[in-house]
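Trainee: Predicted model, plus sequence, below.
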Amino acid sequence: MVEVLIALALTGVTVVCFLAALTMVSKSTITADEHSTANSLAFSQMEYILGQGYDDTASPPQYVLLSDIPDGWSVNAIAERLDPENDGIDDDDGIQEIRVMVSRGDKQIVALTTRKVNTAYVP
């Protein structure tokens, strides 16, 4: 009788450990999928902005966002004029910093930053 109880206890511990590991793997898969989707959305939005014409009139610069964002996700982009010449003039010297943030619900998943250069800029 004692041997059967010990065998049942060991079997129970093994099953609990297996289920805990299975839960952890499932959560990791969901998180990896979420990060993959967020990265894909961020890179797509960044490429879309970089493909648009250079906004040298609006302050701050405005760029069109992708319209086919999956439900539950949000994409935000912020453009900021840079003044690498430090001349204090209210222009951006042909360089803007672009930040794209991708969120799901209230949680920001990924953020990308790059620079957009106005190839037509002549100082």
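Mentor: That came in fine, so what should we check first?
Trainee: distance between stretch 114-123 and the chain's centre?
Mentor: In terms of Cα atoms, centre = their mean, to the nearest Å, the gap separating the centre of stretch 114-123 from the centre of its chain is 25 Å.
Trainee: Buried residues, that stretch. List them.
Mentor: Neighbour-count burial for stretch 114-123 flags Lys116, Asn118 (criterion: 16 or more other Cβ atoms under 10 Å). Any C-beta I mention is one placed from the backbone N, CA and C, and that applies to glycine too.
Trainee: Quick check: which ranges of the protein have low pLDDT?
Mentor: 84-92, 121-123 (pLDDT under 70).
Trainee: Just give me the residue right at the centre of it.
Mentor: Central residue of the chain (Cα atoms, centre = their mean): Val110, 2.3 Å from the mean position.
Trainee: Give me the nearest residue to it, chain neighbours excluded.
Mentor: Spatially, and ignoring its direct neighbours in sequence, Val110 is nearest to Ala38 (4.3 Å; Cβ to Cβ, 6 or more residues apart in numbering).
Trainee: Over to that neighbour. Which of the three states is it?
Mentor: helix (DSSP: H, G, I helix; E, B strand; the rest coil).
Trainee: Having no further points to raise, I will conclude here.
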